[in-house]
Each structure stands twice: as C-alpha cells, then as structure tokens.
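Enquirer: dropping a prediction and its sequence here:
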Amino acid sequence: MSHPHVHASHPALVARLKRAEGHLRHVIGMIEGQQPCLDIARQLAAVESAVTSAKRALIHDHIDHCLVHDAAETLDEMKAITKLL
C-alpha cells in the first residue's frame, strides 16, 4: 500500500477535475435533453481533454517530485507510470 502524497499542485488539480466533473454533468444533461449528437460529442471531447490534461499534470508532478528513489526502483516506477500516458 502506498503512502499519501500531497504536493503544492494538488489543490489546483482538484479544482481542474471538479470543473471537468461539472462539465461532464452538463454533457449528461445534454444527452438527457436530446441535444444534437455532434454538440454532445464536441463537449465530450472537451471533457476528455480536460481529464487528460489533469492526468498529464499529475504524472509530470510525480516525475518531478517523487522519483528520487534508487535507480532500479525509479526505473520500475517510470515504466509503470508511462503505461498511463
């Protein structure tokens, strides 16, 4: 089990994900409101982009601040995290 990681960037990351969460709720409302599929798809692409951007920021922060272990452990962790890109 991993130990908690808290970084200065986490509050901004949480705010970004909460905005994406609200945007996703709006998209669900669009579907329920029978909005045009093209409009829904555009909004889903925006939500997807926001989540991908948040994931990338988290991974970059992790690389910058957490990978300070011995070389073998760092390499294993880099391999594991790059699978998530």
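Expert: Noted; the coordinates are in hand.

Enquirer: helices of this structure, start to end?
Expert: All helices of the chain, identified by DSSP state H, fall at 10-32, 37-65, 71-82.

Enquirer: in the second one, what counts as buried?
Expert: In other words, helix 37-65. Using 16 or more other C-beta atoms under 10 Å as the test for burial, helix 37-65 gives 40, 43, 47, 50-51, 54, 58, 61-62. C-beta here means a position set from N, CA and C on the backbone, and glycine is covered the same way.

Enquirer: just the mean pLDDT for that helix, thanks.
Expert: When pLDDT is averaged along helix 37-65, the result is 91.

Enquirer: can you give me how far it is from the chain middle?
Expert: Taking C-alpha atoms, centre = their mean, to the nearest Å, one finds helix 37-65 lying 6 Å from the centre of the chain it belongs to.

Enquirer: please renumber so the chain begins at 12
Expert: All set: I'll call the first residue 12, so the last point we hit is now helix 48-76.

Enquirer: now it against helix 82-93, angle please.
Expert: With axes from the mean of the first three to the mean of the last three C-alpha atoms, to 10 degrees as the basis, helix 48-76 and helix 82-93 are set at 170 degrees to each other.
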